[in-house]
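Engineer: got a predicted model here, sequence first, then my questions.
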Amino acid sequence: MQAIAARIAIAVVLTGPALLANDYYVDGRTGTDSPAAGSQANPWKTVPFALAQIVSPVRNTHTLFVAGHWTYTITAPITLRDRIDLVGTGASRPLFILPNSTLRGLQSDPAAMSFTGTIRSIDFVGGSTAIEVRAPTGANHFLTIEDCRFTKQATRAIDMGGSFHMLTAVRCSFADQTNAIRVQSMQTAAQCNVHHCDFERVAATAIELTAGGSASIASAIDNSRFDTCASAIVSSVNSTNRSLLAIGPCAFRHISGTAIAALVAGTVVTQKHEIRVTSSTFMGLPTAIALDCTRASGIVTALISGNVIVGASKVGIDLQLGGQPSVTPSWSVSTDGNTLENCTEGLVVRIGQTTSGRFTSSGDTVRRSTMDAMRFESSAAAFTTNLHNAMLTGNRGRALTVRSASPFFGRFLTIADNEGTALDVGSSPVTLDHVLLDNARSPEIVGGSSLSVTYSCSRITRIEGPGNFVADPKLSRPSYKLTSTSPCIDAGDPAANPNAPPYYDFEGKNRMLATTSAVVDIGADEFRARGSFGNFGADAFGVVSATRPVFVQRLGDPVIGSTFQIGAVCARGAHGQDMIGAIILFGDADGAFVADLDPLGFAGSMLYFVPRAVSPYASCSQGVAWVSVPVPNQQQLVDTVVAFQALLAVPGANAFGLVPSGGMRVQIGK
């Protein structure tokens, strides 16, 4: 009998409130703070009293529902409990007011070795810090914040620090703070995940990420907007461990300082750092992306890809790569498919003496800069710089400037309509091949005592070297693609190695698309006689980052007298809804920025051309919205370059339920 009684007692304990997930309730209007309350019919009145009454769960998670349509005044920090979530209810969220600028709102238990919690659908106004997490040594603290609003915090909205901790913020808005989010660690590991969040009028830094000592830090920030902030994202890593910073797609508007600033430093050769900035749009700022890595160590990789930067008053992308003399770092850095327009300087890369590795720019477009479109400086002896498939057009200053002690290789470049010097290379060891020059200013090349040029074309300059010639390259403006009568088609090196980079042109087409012979073309564009497709710009968001709206489906060739199809791929809204259809805008070729759609509610989106026509609405078929495009059988349409952009119908993605895609460039063939 005693054994049976013991088993019954154990069963009662294991199925009691300490193990099962229970719901509890707070209502500031109707509740009472008595131990017997806490149910939906008889709620507690205040959150601190409620948290003190709830028995901590052993395995599952309790939920404390806080009624909306009410203001809860916080006069002392409220300590959160492990595995007890706070969730606001009602059409109007509960409002947590911190009445003076020295108060902290919610905090994790600074003595708890384990803390996991979620805060959802609550608004925070005022105070010094709305939510603070300080994990003691050896502890693990995990905090998820969803659908919350933070306003007017004097110091910052969310502050994470201490031992191992992880913050995940989803669909939150931050406004009128000094700082919004800080995640820092000097000991172990820290993680920061920010998805679908909005940052406006942040006086200092929206997101501050810091790792020192032996700490590691990993951050993923996507589908988020930053508007009218002093700085958007600042990452500072000076530790003996590793780091990851992944950003994009995001939108940056009216930033008074640098939008994304990343500093990497260290003294240990085993460090590994990775930085990625992709598919984001930038407008109204001094510098979009700046890496200050002059004191780095270990292995550092960086990828900056598919971004659109307009009107940077200093530099669009500014990269300083260097290292500690005692622990020379190894670099692998690439920029790929970025568009930089109307900046003072487009891309600037400065490489210090105590470093080694490789930098590659592939498919980047810089147009209408007021100073240098691209500038490369290197004092390193063991560093290689590659420039592939660049489009440098219509710049008012110099197109390409090189001052380098290490080898610089430029391949398949289109440099046209620049008012300044096309190539200013000084005495740098520069090797160029398959370069297309079409500029009115002479001389096109300044310097060149260590310059080698082969298989290149200029309209006005005779250049010594095998395969070089003078001719009108016959470009299609403003896209600067080759036309069918261009002498640059199949005029490249007949012995070119098809297995050597770049394997594709600036639009992603294979090199050696034989027109008259299996020889590469000159310039960034590889001509295709039956027409071509190429994506450009950056997609908007409001959709899950892994399934953004893009043109990836194409059927048929865009040739005169035929019909081709383009398809917008199905995407999911921020809350998981399927795309239900799309309309397609049609217009002239890209090449001139037209309008920023972000202020209208289309987060991160730009309109890349003047629309001339709009397709009928196309419903989704097996996840794709297809539109047929008939091409009249008119010879004068051959070589014409047109552009398309989709508006995807995605319920819940934003107030309009429409998400703009990036653009698709189509050249008509025959």
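Structural biologist: Structure's in. What do you need?

Engineer: list the contacts of Thr294.
Structural biologist: Gln320, Leu321, Gly322, Gly323, Gly352 (CB atoms under 8 Å, 6 or more residues apart in numbering). No exception for glycine: its C-beta is placed from N, CA and C like everyone else's.

Engineer: distance of the last one relative to Arg403?
Structural biologist: Put plainly, it is Gly352. Gly352 sits 13 Å away from Arg403 when distances are taken as CB to CB, to the nearest Å.

Engineer: shaky segments in the stretch 251-400 of the chain?
Structural biologist: Scanning the stretch 251-400 of the chain with the threshold set as pLDDT under 70 gives 267-270.

Engineer: and Gly352 and Arg403? Which one has more around it.
Structural biologist: Applying other CB atoms under 10 Å to Gly352 and Arg403 shows that Gly352 carries more neighbours, namely 21 against 17.

Engineer: not counting residues beside it along the chain, what's closest to the more buried one?
Structural biologist: Gly322 (2.9 Å; CB to CB, 6 or more residues apart in numbering).

Engineer: correct me if wrong: the one you found contacts Cys293.
Structural biologist: Yes: between Gly322 and Cys293 a contact is recorded at 6.2 Å, counting by CB atoms under 8 Å.

Engineer: between those two, which contacts overlap?
Structural biologist: Contacts common to Gly322 and Cys293, judged by CB under 8 Å, 6+ apart, are Pro329.

Engineer: who's more crowded, the two?
Structural biologist: Cys293 (26 against 23).

Engineer: quick check: beta-bridge partners of the more buried one?
Structural biologist: Leu321 (DSSP bridges).

Engineer: surely it and Gln324 touch.
Structural biologist: No: Cys293 is beyond contact range of Gln324, at 10.8 Å (criterion: CB under 8 Å).

Engineer: where does pLDDT dip in this structure?
Structural biologist: 1-20, 267-270, 513-515, 542-553, 570-577, 592-593.

Engineer: now do the helices in it.
Structural biologist: 2-14, 47-53 (DSSP state H).

Engineer: residues of the lengthiest strand in the chain that come out buried?
Structural biologist: The longest strand of the chain (DSSP state E) is strand 129-146. Going by neighbour count (16 or more other CB atoms under 10 Å), the buried part of strand 129-146 is 129-135, 139-146.

Engineer: swap in stretch 506-525?
Structural biologist: Phe506, Glu507, Arg511, Leu513, Thr515, Val519, Val520, Asp521, Ile522, Gly523, Ala524, Asp525.

Engineer: and which of these is nearest to Ser452?
Structural biologist: Of all the buried residues of stretch 506-525, Ser452 sits closest to Ile522, with 15.8 Å by CB to CB.

Engineer: before we move on, the earlier item: closest to His254 among the buried residues of strand 129-146?
Structural biologist: For the buried residues of strand 129-146, the minimum distance to His254 (CB to CB) is 24.1 Å, reached by Ala130.

Engineer: quick one: contacts for the closest one?
Structural biologist: Contacts of Ala130 (CB under 8 Å, 6+ apart): Phe96, Leu98, Arg104, Gly105, Leu106, Phe124, Phe150, Gln153, Ala157, Ile158.

Engineer: so what's it closest to, chain neighbours aside?
Structural biologist: Phe124 (3.9 Å).

Engineer: next one: that neighbour from Gln177, what distance?
Structural biologist: 10 Å.

Engineer: overlap in contacts, these two.
Structural biologist: Shared contacts of Phe124 and Gln177, counting by CB under 8 Å, 6+ apart, come down to Phe150, Thr151, Gln153, Ala157.

Engineer: what's the nearest residue to the last one if we skip its chain neighbours?
Structural biologist: Nearest non-adjacent residue to Ala157, counting by CB to CB, 6+ apart: Phe150, 3.7 Å away.

Engineer: ok, the one you found - contacts?
Structural biologist: Asp123, Phe124, Ala130, Ala157, Ile158, Cys172, Ser173, Phe174, Ala175, Gln177, Ala180.

Engineer: same check, this time on Asn241
Structural biologist: Contacts of Asn241 by CB under 8 Å, 6+ apart are Ala189, Ala211, Ser214, Ala215, Ser216, Gln271.

Engineer: OK, contacts around the third one?
Structural biologist: Contacts here follow CB under 8 Å, 6+ apart; on that basis Ser214 touches Met186, Gln187, Thr188, Ser239, Thr240, Asn241.

Engineer: does Glu419 really touch Arg398, like I thought?
Structural biologist: No: look at Glu419 against Arg398 with CB under 8 Å: they stay out of range, at 9.2 Å.

Engineer: between those two, which has more neighbouring residues?
Structural biologist: The neighbour count for Glu419 versus Arg398, taken as other CB under 10 Å, is higher for Arg398 (23 against 14).

Engineer: ok, now which ones touch that one?
Structural biologist: Met371, Asp372, Ala373, Arg375, Asn418, Gly420, Thr421, Ala422, Asp424.

Engineer: please list all residues in contact with the fifth one.
Structural biologist: Read that as Asn418. Asn418 touches Ala373, Leu392, Thr393, Gly394, Asn395, Arg396, Gly397, Arg398, Ala399, Asn439, Arg441, counting by CB under 8 Å, 6+ apart.

Engineer: equivalent analysis for Asp109, please.
Structural biologist: Asp109 makes contacts with Thr79, Leu80, Arg81, Asp82, Phe115, as judged by CB under 8 Å, 6+ apart.

Engineer: make a PyMOL selection of the buried ones in the residues you listed.
Structural biologist: Applying 16+ other CB under 10 Å to the contacts of Asp109, the buried members can be selected in PyMOL as follows:
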select buried, resi 80+81+82+115
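
Engineer: what's the burial count for Ile583?
Structural biologist: 18.

Engineer: wait, doesn't it sit right on Leu647?
Structural biologist: Yes: in this structure Ile583 lies within contact range of Leu647 using CB under 8 Å: 5.1 Å.

Engineer: for the residue most central in space within the chain, give its distance to Gly68.
Structural biologist: The chain has Gly248 as the residue nearest its centroid, 2.2 Å off, counting by CA atoms, centre = their mean. Using CB to CB, one obtains 34 Å as the distance from Gly248 to Gly68.

Engineer: same question, Ala220
Structural biologist: Counting by CB to CB, the gap from Ala220 to Gly68 is 30 Å.

Engineer: Cys293 too?
Structural biologist: For Cys293 relative to Gly68 (CB to CB), the value is 47 Å.

Engineer: one more: Gln565?
Structural biologist: In terms of CB to CB, Gln565 sits 48 Å off from Gly68.

Engineer: again with Phe506
Structural biologist: 52 Å.

Engineer: just Ala312 next, same as before
Structural biologist: Distance of Ala312 to Gly68, given as CB to CB: 43 Å.

Engineer: same check on Thr118?
Structural biologist: 17 Å.

Engineer: before we move on, what about Thr75?
Structural biologist: To Gly68, Thr75 is 21 Å away according to CB to CB.

Engineer: of the two, which one has the most company?
Structural biologist: Neighbour tally, Thr75 and Gly68, criterion other CB under 10 Å: the higher count belongs to Gly68, 18 against 11.

Engineer: pretty sure the more buried one is touching Phe96, no?
Structural biologist: No: under the criterion of CB under 8 Å, Gly68 is not in contact with Phe96, lying 11.3 Å apart.

Engineer: out of the contacts of Asp109, the closest to Leu607 would be?
Structural biologist: Once CB to CB is applied, the member of those that ends up nearest Leu607 is Leu80, at 44.8 Å.

Engineer: buried set for stretch 424-434?
Structural biologist: Asp424, Val425, Ser428, Pro429, Val430, Leu432, Asp433, His434.

Engineer: end-to-end on that stretch?
Structural biologist: Length of stretch 424-434, first residue to last, CA to CA, to the nearest Å: 17 Å.

Engineer: try stretch 164-178
Structural biologist: End-to-end distance (CA to CA), stretch 164-178: 25 Å.
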